[in-house]
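>>> Next input, structure requested:
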Amino acid sequence: MLKVLSDHDQELLDDLTQVRYDDDFVVIEVAQVFWMSPSHPCAVWHPVTILSKGSSDAQVLRAQRNTLKRKTFFGFCELCQKRHAKGHMHNSSICQNCASDHLGVVY
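Numbering: from 1, shown residues only. The predicted structure follows:
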């Protein structure tokens with residue numbers, strides 16, 4: 001049985017992962033967030049998992065959820081205790097929101 005995700009992690013899953021079905025495979029993709037300018041985030045989609053077309057819905061969901069563990073795309077903020085897209089991290093351990101709220105950083 002799959003663990004229930006926090007609302008925040010479910011939002012990340014909904015916004016930053018996608019499942020693409022083609023003729024032979026099921027492809028799980030993750031958006032890598034980067035900034036074109038200080039006010040314009042951009043996302044580039046990367047395939048991270050390829051499953052056979054016959055994979056069950058549970059297998060696809062499990063693979064999609066496992067993308068949240070990938071440190072290439074997501075970081076964990078020590079202050080708010082939430083996972084964030086790497087592009088929304090101030091550094092390796094603090095998200096941009098917490099950097100603004102607690103450290104006085106202005107973006």
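>>> Only C-alpha atoms from now on, for both contacts and neighbour counts.
Fine.
>>> need the strands for this protein, in chain order.
Per DSSP state E, the chain has strands spanning 17-21, 25-37, 40-52, 74-76, 83-85. These are given in chain order.
>>> could I get those strands as CSV with distance to Glu11 and mean neighbour count?
Supplementary listing: the strands of the chain in CSV, determined by distance: least, CA to CA, whole Å; neighbours: other CA atoms under 10 Å:
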stretch, distance to Glu11, mean neighbour count
strand 17-21, 10, 16
strand 25-37, 13, 17
strand 40-52, 16, 14
strand 74-76, 13, 21
strand 83-85, 10, 20
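>>> Adding distance to Lys3, write the ones you listed out as CSV.
Listed next are these as CSV, based on distance: least, CA to CA, whole Å:
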stretch, distance to Lys3
strand 17-21, 18
strand 25-37, 19
strand 40-52, 20
strand 74-76, 19
strand 83-85, 16
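>>> just so I know, which of those strands lies nearest Ile94?
Closest to Ile94 of those, according to CA to CA: strand 74-76, at 7.3 Å.
>>> what residues does that closest one touch?
If you take CA atoms under 8 Å, 6 or more residues apart in numbering as the criterion, strand 74-76 is touched by Leu68, Lys82, Arg83, His84, Ala85, Lys86, Met89, Ser92, Ser93, Ile94, Cys95.
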